[in-house]
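Participant: Here is a sequence together with a model predicted from it:
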Amino acid sequence: MGVISTQGFLFRLIANDVQLDLFDDEDIFLSDNVTGLFDLGVLPSDFTRQITVPGTKTNNAFFEHVYDISVVNPYLFATNQKVPCYFDFGAMILADGYLQLNKVNVLANKFIDSYEITIYGGLSSFARIINRTFLTELSTLSAYNHTASYANISASWNGNLFSGAIVYPLADYGSGWNFTNGSQLALNSEASPTQTITTQDFKPAIRAKLVWDAIFAEAGYTYSSSFFSESWWDDVYMICNYALKYPEFNGYDLETFGVTKISSISGSQMTNLQVGSASLFNLPWYNVQFDPSDVVASNGQYTLATPHSSSLQGVLNLKVNLSSSFIAAPSWKLYCYPTASFDATAFVDLPTFNSFFLEEGYALIASGQGQNKTYEVRTTFSTKLLKPGSYQFALEWNHQFNAPYNNTTLTIDPGGEAKSFIEVTKVRQAADGLVMEIPNNMPFGTNGIKQIDFLTSIQKKFNLVMYPDKTTHNQFIVAPYTDWYKQGEVKDFNRFINLDDKIEVIPANNLAVNQLNFGDTLDQDYISQQFSKEANREFGKTYYTDTQNFFSQGTFDVKTRFGNGPLVQLAGTGVSGSVGGVPPPPTTYYSYVMGNVGYTTADDACDNTYYYPNVIYASNSNPTAVTRVFTNNSLTTGFNGGNQYWKWGYPYFVTKYASQIDTNGYILSTTQC
């Protein structure tokens, strides 16, 4: 209910501890509406009024001759500064806020007639301040700046980084991790520099209450609230998600730092390259397609500009032609070696390539055909730790089969078609040791997220009321609506109301809406979008429909600016960063034969002849010769109690086509007659 008075009942305007003179016939309309307590973002909020005060000696002295343009020094009254003031209405402070001078009315170019001013209430003034500033301007949050490192990230999981004020959640911000239950993700950059997650993949999260407190402190206000003293606020965090995949660091744009793509050029000497085996060759690709941080020289050499060692992560794409009278199965190595001095250990294996060509070779053996085929293959890679400096990319390939299956002609980009390229997608340790500046990493969105949006979102989400403290200057009281309502007192306002005027009373039911919708803002992340499509509603949104009031109509949305992503914690995580309690899936081993190792024959009950090699290699990735002894057991018996026999169509054919082979290389599948 709005309470309005048109009577100057013991009415005083105090500004900077000076009581300003008022016109005797000035009508000052005051209104205090309970709805103003619920939405700090709706200006004018609790109070904003324009009034006119006379040009008296007191007022002229207060405004310090601001009207006289000939006065240069001292020019004391600053019209762009806030002037604290309040209304005293019968010993009750009705509006504690600020004054703004709008206009000076001058008569005969020498007499002051009046001053037109605007009075802003405390909430209104507070709202104006935080409506002009962004979350990224909360400089006091720099107290939580720290070094980006494995030690600090892992310490945060146990509440040991700023006593739990900052934590690093395990979240995918666009890297596309494939994390299955039972698997583990390595983090330590020093222990596993070329694997999985790095420091820059993590973004910090800060306690939401610390952001709330910082907004009040930097605006020059305080608040009192038992609600924000509840312990569960220690577990409410906001991710410092400024933009895109990686955090923000001064001087480093990790989205593009060290990222490049180099390819061959069609019709040039970079294509139709015949490359012999067991010889290192530099990649002769100088077509720089993408290099925003200028790390590639004209000769294709790459410069690592980090202040410390780092690993490079990227993609290698090759178009190759293999020509052989028998079969070809090249095994590849990618080098990234210093240009100053060659390092023979500066290579990484490419198991994706090697496995692919090995399977292709086995298939050709089974068919008994030769080879003349063009392939386009692609794989990801991570180099070893590299010191800052200049590097050259190179390749080397070797045969995976012994003679006579090693007479191969290998051509890169045959037919002059430029398809091969190497791309560096990430400098993995680029963020290690940099200063994580919390203010610079606060959420920004497209045009900046204002501080008022954060406060009003908290206010709406928890149905909070916020109003000026009548006893403490620049302080507010914040409380849940139900608590505030229960503490209310009955006040007699009859002496403040002009009872001679007509009074209107509107039943509250006439203002009721038919449907209330409570929720957050639909975020653009993948999980939120998928949930919305499948469930046909936004995550976390609830609906209330009024079925009691016949006259209620319309819809009212109570919506915050917070994202509504459905986040689910993986069982067993929270401390170590890995899933516990679930054993890893069993490893399937594929055994195979390399070269002429001899074989043993045996017949089964179906009169099929089986060829068993005398030596089997236990694993594709790390072949180790293991001697096997075979018997003439039937298909129903065999090693480990399983049916180990497999028909060989060729003495060097592989057991790759068995459904499963145990860790000892035994075949566990069954061949029927």
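Facilitator: Cool, the structure landed.
Participant: Test my guess that residue 474 contacts residue 220.
Facilitator: Yes - look at residue 474 against residue 220 with C-beta atoms under 8 Å: they come within range, at 6.2 Å. Bear in mind the C-beta positions are built from the backbone N, C-alpha and C, glycine included.
Participant: quick one, which of these two is more surrounded?
Facilitator: Neighbour tally, residue 474 and residue 220, criterion other C-beta atoms under 10 Å: the higher count belongs to residue 474, 18 against 11.
Participant: From residue 460, how far off is that one?
Facilitator: 24 Å (C-beta to C-beta, to the nearest Å).
Participant: got it, and residue 275?
Facilitator: In this view, residue 275 and residue 460 are 65 Å apart by C-beta to C-beta.
Participant: repeat for residue 158
Facilitator: The separation that residue 158 has from residue 460, given C-beta to C-beta, amounts to 33 Å.
Participant: what do you get for residue 337?
Facilitator: Residue 337 sits 59 Å away from residue 460, taking C-beta to C-beta as the criterion.
Participant: Got phi/psi on residue 399?
Facilitator: Dihedral pair for residue 399: phi -80, psi 140, per degrees, to the nearest 10.
Participant: per-residue confidence for the residue nearest to it when sequence neighbours are not counted?
Facilitator: Here the nearest residue to residue 399 in space, its sequence neighbours aside, is residue 406; by C-beta to C-beta, 6 or more residues apart in numbering that works out to 3.9 Å. As summarised for this prediction, residue 406 has a pLDDT of 76.
Participant: now the one 3 residues further on
Facilitator: At residue 409, the model reports a pLDDT of 89.
Participant: Buried residues of whatever helix or strand it lives in, list them for me.
Facilitator: Applying DSSP states H and E as the criterion places residue 409 in strand 408-412. By neighbour count, with 16 or more other C-beta atoms under 10 Å as the criterion, the buried positions of strand 408-412 are 408, 410-412.
Participant: Nearest the middle, which residue of this protein would you pick?
Facilitator: With the centre of the chain defined as its mean C-alpha position, the nearest residue by C-alpha atoms, centre = their mean is residue 173, 4.0 Å away.
Participant: Not including adjacent chain positions, what is the nearest residue to that residue?
Facilitator: Using C-beta to C-beta, 6+ apart and skipping residues adjacent in sequence, the residue nearest residue 173 is residue 245, 5.0 Å away.
Participant: surely that neighbour meets residue 171?
Facilitator: No - under the contact definition of C-beta under 8 Å, residue 245 does not touch residue 171, with a separation of 11.1 Å.
Participant: Spit out the contact partners of residue 464.
Facilitator: Contacts for residue 464 were tallied using C-beta atoms under 8 Å, 6 or more residues apart in numbering; they are 38, 227, 458, 478-481.
Participant: Could you give the bridge partners of it?
Facilitator: The partner list for residue 464 in beta bridges (DSSP bridges) reads residue 480.
Participant: Distance check, it against residue 558.
Facilitator: From residue 464 over to residue 558 (counting by C-beta to C-beta), the distance is 12 Å.
Participant: One more: residue 167?
Facilitator: Following C-beta to C-beta, the distance that separates residue 167 from residue 558 is 29 Å.
Participant: who's more crowded, these two?
Facilitator: With neighbours defined as other C-beta under 10 Å, residue 167 and residue 558 compare such that residue 167 has more, 21 against 15.
Participant: For that one, give me phi and psi.
Facilitator: Dihedral angles phi and psi of residue 167 (degrees, to the nearest 10) take the values phi -130, psi 160.
Participant: How about residue 455?
Facilitator: Note on residue 455: its backbone torsions stand at phi -60, psi -50 [degrees, to the nearest 10].
Participant: Do I have it right that it meets residue 130?
Facilitator: Yes - contact status for residue 455 versus residue 130: in contact at 6.6 Å, counting by C-beta under 8 Å.
Participant: which residues do those two both contact?
Facilitator: By the contact definition C-beta under 8 Å, 6+ apart, residue 455 and residue 130 are jointly contacted by residue 215.
Participant: just the helices in the stretch 451-600 of the chain please.
Facilitator: Defined through DSSP state H, counting those that start in this stretch, the helices belonging to the stretch 451-600 of the chain, from first to last, are 451-461, 481-486, 526-535.
Participant: Return the most buried member of those helices.
Facilitator: Between the helices of the stretch 451-600 of the chain, helix 451-461 has the highest mean count of neighbours, a mean of 21, where neighbours are mean count of other C-beta atoms under 10 Å.
Participant: residues of the lengthiest helix in the chain that come out buried?
Facilitator: Once the chain is assigned using DSSP state H, the helix that runs over the most residues is helix 351-367. Buried residues in helix 351-367, counting neighbours by 16+ other C-beta under 10 Å, are found at 353-362, 364-365.
Participant: and what of stretch 253-261?
Facilitator: 254, 257-261.
Participant: And for stretch 382-392?
Facilitator: By neighbour count on 16+ other C-beta under 10 Å, the buried set for stretch 382-392 is 382-383, 386, 391-392.
Participant: Skip the chain neighbours and tell me the closest residue to residue 553.
Facilitator: With C-beta to C-beta, 6+ apart, the residue lying closest to residue 553 is residue 514, at 5.2 Å.
Participant: ok, that neighbour to residue 461 distance?
Facilitator: Distance check for residue 514 against residue 461: by C-beta to C-beta, it reads 23 Å.
Participant: Kindly report the same for residue 542.
Facilitator: When distances are taken as C-beta to C-beta, residue 542 and residue 461 turn out to be 12 Å apart.
Participant: SS state for residue 62?
Facilitator: Classification of residue 62 using DSSP: H, G, I helix; E, B strand; the rest coil returns helix.
Participant: Leaving out the residues flanking it, which one is nearest to it?
Facilitator: With C-beta to C-beta, 6+ apart as the measure, residue 18 is the residue that lies nearest to residue 62, at 5.4 Å, once sequence neighbours are left out.
Participant: That neighbour pairs with what?
Facilitator: Here residue 18 sits in beta bridges with residue 15, going by DSSP bridges.
Participant: Help me confirm that it comes into contact with residue 58.
Facilitator: Yes - judged on C-beta under 8 Å, residue 18 makes contact with residue 58 at a distance of 7.2 Å.
Participant: And the helices in the stretch 51-200 of the chain, which stretches?
Facilitator: Counting by DSSP H, counting those that start in this stretch, the stretch 51-200 of the chain has helices at residues 57-63, 122-130, 150-156.
Participant: most neighbours per residue, which of those?
Facilitator: helix 122-130 (a mean of 24).
Participant: What angle do helix 451-461 and that one make with each other?
Facilitator: Going by axes from the mean of the first three to the mean of the last three C-alpha atoms, to 10 degrees, helix 122-130 is angled at 130 degrees with respect to helix 451-461.
Participant: Give me the helix or strand of the chain that scores worst on average pLDDT.
Facilitator: Ranked by mean pLDDT, DSSP states H and E, the helix or strand of the chain with the weakest confidence is strand 625-627, at a mean of 37.
Participant: Point out where the stretch 151-300 of the chain drops to low pLDDT.
Facilitator: Within the stretch 151-300 of the chain, the ranges that satisfy pLDDT under 70 run 177-195.
Participant: rerun that using 90 as the cut-off
Facilitator: Within the stretch 151-300 of the chain, the stretches with pLDDT under 90 are 169-198, 220, 243-245, 251, 264-271, 273, 277-279, 284-286, 298-300.
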